[in-house]
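>>> I'll drop the sequence and a predicted model, then ask my questions.
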Amino acid sequence: MGYYRPLLQRDACRPAHSAALGGGPLWFDHAELLSRDAPPRRVALADIPADSLARLTTPRPDICGLSQSRPVIMGILNVTPDSFSDGGRHFALNAALDAAQAMAENGADILDIGGESTRPGAAPVSEDEELGRIIPVIAALREQGFSLPISVDTRKANIARAALVAGANLVNDVAALGYDAAMPATIAAARAPVCLMHALGDPRTMQQDPRYDDVLLDVYDFLETRMELAAAAGIPRSAILADPGIGFGKTLDHNLALIRGLALFHMLGCPLLLGTSRKRFIGMIGGAEAPAQRVPGSLATALAGLDQGVQWLRVHDVAETRQAVALWRAILPEHTQKGAP
């Protein structure tokens, strides 16, 4: 099997024999052909098989009412005592509600609310504990008239079901439907969209000497397989986001390889979510020990993702990311800013 990574551009000088990536502002006329048994090589647009080209070019449908033709900013709201960056900060209900409103005012398009830390080494929490952290926040936000879409960050079907009933719109599953066997049917029955993320192992063990044959192709194959499982359960591909899982069972070199090769994942035919915000590898490269000091590096990786066509950015620092995205879009050629092909 060949893997086609589009070599994306955004210049106004676009040749007639080029193709737009997924209905967005970037385009390509060549791709890198990757294989497990041959060196990479550059191929022309005409040499990309029709089915692969269709996956790369078909416009992505709206998810949670959000257009995929412009970057989507997902604000992180952890209602946990032990998340790596903001553990405990939003644990109290009023603090969580205030943080949600602040992110909405700062330009978030959707919130991602989680009640179980998935930092390296974290232990799982009981369903009752997770429910008690998440559901009151979602219910209170909806009671207050909070209008932004809400994502629930959970691996567990009972949590997902309760959150969707309380007013959540999307399930963000860091186990890609692999932790709880009831999760695919639960999401399908609710007709909810889902984000499938790659992780090697669980949070307790994932950073213990992670290894891959080829990290880019291994993660791609995993996500393709999980998308097929979701489809078999009745979740349409049009309701799926894919996340390569930066920092989840990856070394620094693995993370960099995935960020360099992000455009490959467009061949999944769905929107891509990138979550690099404040992660440890940013501190390792940028010399920032504390997570809160990693905002500049987080913005650098977010912009690198946008240059490779990523549609969703999952971030702690909404206002800073919104400003960076606004500048990135303003620098695009005018016809692409307006959504023209």
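Received the coordinates, thanks. Numbers count the residues shown, from 1 in each chain.
>>> name the element the most centrally placed residue in the chain belongs to?
For the chain, the residue nearest the mean C-alpha position is Leu273 (2.1 Å; Cα atoms, centre = their mean). Using DSSP states H and E, Leu273 sits in strand 273-274.
>>> same question for Thr225.
Applying DSSP H and E, one finds Thr225 within helix 215-232.
>>> after the lengthiest strand in the chain, which helix or strand is next?
Selection of the longest strand in the chain by residue count, based on DSSP state E, yields strand 72-78. Later in the chain than strand 72-78, the nearest helix or strand by DSSP H and E is helix 93-105.
>>> what's the angle between that following helix and strand 72-78?
170 degrees (axes from the mean of the first three to the mean of the last three Cα atoms, to 10 degrees).
>>> partners of the strand holding Leu273, with directions?
strand 312-315 (parallel) (DSSP bridges).
>>> so which bits of stretch 132-144 are buried?
Neighbour-count burial for stretch 132-144 flags Arg133, Ile134, Ile135, Val137, Ile138, Ala140, Leu141 (criterion: 16 or more other Cβ atoms under 10 Å). No exception for glycine: its C-beta is placed from N, CA and C like everyone else's.
>>> typo on my end, it should be stretch 246-261
Going by 16+ other Cβ under 10 Å, stretch 246-261 has these buried residues: 246-251, 254-259, 261.
>>> quick one on the thing from earlier: let me see the mean pLDDT of the helix holding Thr225.
Helix 215-232 carries an average pLDDT of 98.
>>> over to stretch 303-316?
98.
>>> so what touches it?
6, 8, 10, 21-22, 24, 26, 60, 68, 71-76, 85-86, 112, 241, 243, 259, 262-263, 266, 271-278, 298, 302, 321, 324-325, 328 (Cβ atoms under 8 Å, 6 or more residues apart in numbering).
>>> do you know how far the residue nearest to Leu272 when sequence neighbours are not counted is from Pro39?
If the residues on either side of it in the chain are set aside, Leu272 comes closest to Val310, at 4.8 Å by Cβ to Cβ, 6 or more residues apart in numbering. Applying Cβ to Cβ, to the nearest Å, the value for Val310 to Pro39 is 26 Å.
>>> try Leu170
39 Å.
>>> and the two? Which one has more around it.
A side-by-side neighbour count of Leu170 and Pro39, using other Cβ atoms under 10 Å, places Leu170 first with 25 against 7.
>>> just the element for the nearest residue to that one once chain neighbours are set aside, please.
The shortest distance from Leu170 to any non-neighbouring residue, by Cβ to Cβ, 6+ apart, is to Ser151 (4.2 Å). Element membership for Ser151 (DSSP H and E) is strand 150-153.
>>> how many residues are close by the residue lying closest to Gln208 once chain neighbours are set aside?
Among residues not flanking Gln208 along the chain, Gly201 sits closest, at 7.5 Å (Cβ to Cβ, 6+ apart). Using other Cβ under 10 Å, Gly201 has 12 neighbouring residues.
>>> try Val325
Neighbours around Val325, by other Cβ under 10 Å: 21.
>>> off-centre distance for the helix or strand containing it?
According to DSSP H and E, Val325 maps onto helix 318-331. Centroid separation for helix 318-331 versus its chain: 18 Å, with Cα atoms, centre = their mean, to the nearest Å.
>>> can you give me the angle it makes with strand 72-78?
Going by the same axes, to 10 degrees, helix 318-331 makes 170 degrees with strand 72-78.
>>> buried ones in helix 318-331?
Val318, Ala319, Glu320, Thr321, Arg322, Ala324, Val325, Trp328.
>>> quick one: low-confidence ranges for the stretch 1-150 of the chain?
1, 82-91, 119, 121-122 (pLDDT under 70).
>>> which residues in it form helices?
For the stretch 1-150 of the chain, applying DSSP state H, counting those that start in this stretch gives helices covering 50-57, 93-105, 127-143.
>>> who wins for proximity to Leu216 among the ones you listed?
helix 50-57 (15.9 Å; Cβ to Cβ).
>>> what helices or strands is that closest one leaning on?
Using 3 or more Cβ pairs under 8 Å, 6 or more residues apart in numbering; DSSP states H and E as the contact test, the elements touching helix 50-57 are strand 3-6, strand 19-20.
>>> contacts for that helix, please.
2, 4, 6, 19-22, 28, 31, 45, 48, 266-269.
>>> may I have that helix exported as PDB, CA atoms only?
Output of helix 50-57 as PDB, limited to C-alpha atoms (Å, rounded to 0.1, in the frame of the first residue of the first chain):
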ATOM      1  CA  ALA A  50      -8.300   8.400  -7.500                       C
ATOM      2  CA  ASP A  51      -9.500   7.000  -4.200                       C
ATOM      3  CA  SER A  52      -6.500   8.500  -2.300                       C
ATOM      4  CA  LEU A  53      -7.000  11.800  -4.100                       C
ATOM      5  CA  ALA A  54     -10.700  11.900  -3.200                       C
ATOM      6  CA  ARG A  55      -9.900  11.500   0.500                       C
ATOM      7  CA  LEU A  56      -7.400  14.300   0.300                       C
ATOM      8  CA  THR A  57      -9.600  16.800  -1.600                       C
END
